[in-house]
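> Model the structure of this input:
(4 chains)
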2 protein chains.
Amino acid sequence: MHRDPDPSAACTHAHCDVIDAEAVQSRARSYAASKGTRFTPTRQRVLALLAATGKPIAAYEIAEKLSGSRKVQAVQVYRALEFLQEAGCVHRLASRSAFFACDHRHGEGETVVFMVCSQCGAVQEAASDLVARGLRGAAKTTGFRPRHPMIEVEGECAKCAGESVS
Amino acid sequence: MHRDPDPSAACTHAHCDVIDAEAVQSRARSYAASKGTRFTPTRQRVLALLAATGKPIAAYEIAEKLSGSRKVQAVQVYRALEFLQEAGCVHRLASRSAFFACDHRHGEGETVVFMVCSQCGAVQEAASDLVARGLRGAAKTTGFRPRHPMIEVEGECAKCAGESVS
DNA sequence: GGGTGTAATGTAATGTTATAACGTATGGCG
DNA sequence: CGCCATACGTTATAACATTACATTACACCC
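Numbering: from 1, shown residues only, chains lettered A, B, ... in the order given. All right, here's what the predicted structure looks like:
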């Protein structure tokens, strides 16, 4: 194959590896500052867990893992996740109802593709201008005004595809 | 703007209008025949309701609407929906956990974009080769092997965008 | 320091979406 | 008919997410 590899797709990041906790924390902190809100301990703990986990996990799983002597309730986790998603540190995978941390700084209006490995659950992201153009083209034919695209691709990551001989 | 309008995006269908019930029913019927299974009354009723509704609705809403003297349980609806999705007559919108009928015949490996109006909830679909190429390009940079893309764009359909002056 | 207002938390309950388990019925076919 | 696979009925429960409301923590101002 010798097709256009979409140069803008070069900006990718493997979420199977532990992500840059410092980077996401500082992002959350500055978001909080900009909004006059706080990057509280609960929010820190949720983000830290997601960063250390490095792949999508369910909200109730977060609650369970953070529960020590004091039980952390689901609602607290959802509240923290809401903040972290607004801050751009965390994304929700609709296809799995799961959440993951992301140290990738997404530009405004950038079209991001989430690639989810069906074997190991790891997520990779890539920004693709070609996909963005395709979406605009598709919208144009029907007069649809796109606001917020959600693109999740299920498949196998390089590592898992390599292990199970193909 | 004078960008490539992605010619393959021309195949679109507005789901706000009632869809072709005959077409989807015959598709379900032939799928059942090919699998040695049946297009039973429950399945027919679920499909008919979705076709008449013309936009995504929740499984429990289907159950409620189909309930007359006999209450239709959610589990029955989910079973019917599973069959109908396999038959390609119905899609699930992950972003809304809702289901809708589709009389659009999707080719194998076709990349379909669902455009969901945040005002009226109607869904339009478009197949886009440009998007497909973008996804392949994004996958290539990380060695990801794509299997099943899911593309849902939230925005406003032409009708709703026109009403609320922009 | 004390008062005030907003943000955040704690707690309980509930709402919503989806599946498991298991027995019964139905329909095609030898 | 007897068998087998498919589908259904019913009950229960798992999994995901939010509402409501009382309380606490913190920044800001006087």
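> didn't A:Y78 look like it was pressed against A:Y60?
No. Between A:Y78 and A:Y60 no contact is recorded; they are 9.8 Å apart, counting by Cβ atoms under 8 Å. To be clear about C-beta, it is placed using only N, CA and C from the backbone, and glycine gets the same treatment.
> Check the burial of A:F99 by counting its neighbours.
The burial metric for A:F99, expressed as a neighbour count using other Cβ atoms under 10 Å in any protein chain shown, is 25.
> Same question for A:I57.
Look at A:I57: counted by other Cβ under 10 Å, it has 19 neighbours.
> pretty sure A:V123 is touching A:A101, no?
No. Taking contacts as Cβ under 8 Å, A:V123 lies outside contact range of A:A101: 10.0 Å.
> Between the two, which has more neighbouring residues?
For A:V123 against A:A101, the residue with the higher neighbour count under other Cβ under 10 Å is A:A101, and the figures read 30 against 24.
> Next up, the contacts around the spatially closest residue to the more buried one that is not a sequence neighbour.
Beyond its immediate neighbours in the sequence, the residue positioned closest to A:A101 (Cβ to Cβ, 6 or more residues apart in numbering or on different chains) is A:L50, lying 3.8 Å away. Under the criterion of Cβ atoms under 8 Å, 6 or more residues apart in numbering or on different chains, the neighbours of A:L50 are A:57, A:62, A:84, A:90, A:99-101.
> A:P146 is in what secondary structure piece?
Using DSSP states H and E, A:P146 sits within strand A:145-156.
> Checking A:K65 next. Helix, strand or coil?
A:K65 carries the three-state label helix when classified by DSSP: H, G, I helix; E, B strand; the rest coil.
> Tell me how far the residue nearest the centre of chain A lies from A:K140.
Relative to the mean C-alpha position of chain A, the nearest C-alpha, by Cα atoms, centre = their mean, is the one of A:H91, at 3.5 Å. With the distance defined as Cβ to Cβ, to the nearest Å, A:H91 ends up 27 Å from A:K140.
> coming back round to it: could you look up the SS state of the residue nearest to A:A101?
With three-state DSSP as the criterion, A:L50 was assigned helix.
> Equivalent analysis for the one 5 residues further on, please.
With three-state DSSP as the basis, the three-state label of A:K55 is coil.
> Mind listing the residues bridging to the residue nearest to the centre of chain A?
A:F100 (DSSP bridges).
> now check the helix or strand hosting A:A33, is it near DNA strand D?
For A:A33, the element it lies in under DSSP H and E is helix A:21-35. No. Under the criterion of Cβ under 7 Å from any atom of the strand, helix A:21-35 makes no contact with DNA strand D; the nearest approach is 10.2 Å.
> For the residue in chain A positioned nearest to DNA strand C, which non-adjacent residue is closest in space?
Among residues of chain A, the one nearest DNA strand C by Cβ to the nearest atom of the strand turns out to be A:T37. It sits 2.8 Å away. Spatial nearest neighbour of A:T37, chain neighbours left out: A:F83 (7.4 Å); criterion: Cβ to Cβ, 6+ apart.
> same question for whichever strand or helix holds that neighbour, mean pLDDT?
The secondary structure element spanning A:F83 is helix A:74-87 (assigned by DSSP H and E). The predicted model gives helix A:74-87 an average pLDDT of 98.
> Next, the buried residues of it.
With burial defined by 16 or more other Cβ atoms under 10 Å in any protein chain shown, the residues of helix A:74-87 counted as buried are A:76-78, A:80-81, A:83-84, A:87.
> quick one: which of those is nearest B:Q25?
Of all those, A:Y78 has the smallest distance to B:Q25: 40.9 Å, by Cβ to Cβ.
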